[in-house]
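**Q** model this:
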Amino acid sequence: MAKIIKKRSVGKKNVVEISLSAPHTYIHKDGYISHNCPHCRRLYLKPDGTPKVFSMKQLLSNGTNYGRKTADWKPVVGATHPNCRCHNNMLPDGFGFDKNGDMEFKNADYKHKAEK
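**A** Prediction:
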């Protein structure tokens with residue numbers, strides 16, 4: 001069992017550690033490819049180009065996209081597709097995104113709203 005868990009967490013070590021310590025952590029994905037790949041753009045960016053925010057619980061519950069048709073792909077913790085190079089990034093409490101999609105401090109009471 002430990003070998004299976006270890007294999008599934010390769011490349012996701014930081015996400016696995018975050019999920020165990022803070023299951024209500026909020027994540028956004030970014031990377032050079034996410035702005036170019038139509039699949040990642042659809043899943044991880046809003047129409048205005050700002051990143052979508054997901055709870056760790058949401059991403060983990062989506063499992064993987066292995067075996068799914070492209071139209072059925074969901075936002076996931078690991079690679080969205082075989083050539084995916086997007087990164088998982090934790091969004092700290094109090095932070096959000098400006099109109100350009102850059103992370104910025106909002107205020108200490110700012111609450112994240114996860115995508116549905």
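**Q** now the closest residue to L91 other than its chain neighbours: how far from Y110?
**A** In space, and not counting its chain neighbours, L91 is closest to Y26: 4.4 Å by C-beta to C-beta, 6 or more residues apart in numbering. Placement of C-beta: from N, CA and C, glycine included. Relative to Y110, Y26 is positioned 11 Å away (C-beta to C-beta, to the nearest Å).
**Q** Retrieve the pLDDT associated with the residue nearest to L91.
**A** Looking at Y26, its pLDDT is 78.
**Q** which of Y26 and Y110 has more neighbours?
**A** The neighbour count for Y26 versus Y110, taken as other C-beta atoms under 10 Å, is higher for Y26 (21 against 13).
**Q** who are the neighbours in contact with that one?
**A** Shown in contact with Y26 (C-beta atoms under 8 Å, 6 or more residues apart in numbering): 53-56, 90-91, 112, 114.
**Q** low-confidence ranges in the protein?
**A** For the chain, the stretches with pLDDT under 70 are 1-24, 31-35, 116.
**Q** Would you map the helices across it?
**A** Counting by DSSP state H, the chain has helices at residues 2-9, 13-21, 38-44, 56-61.
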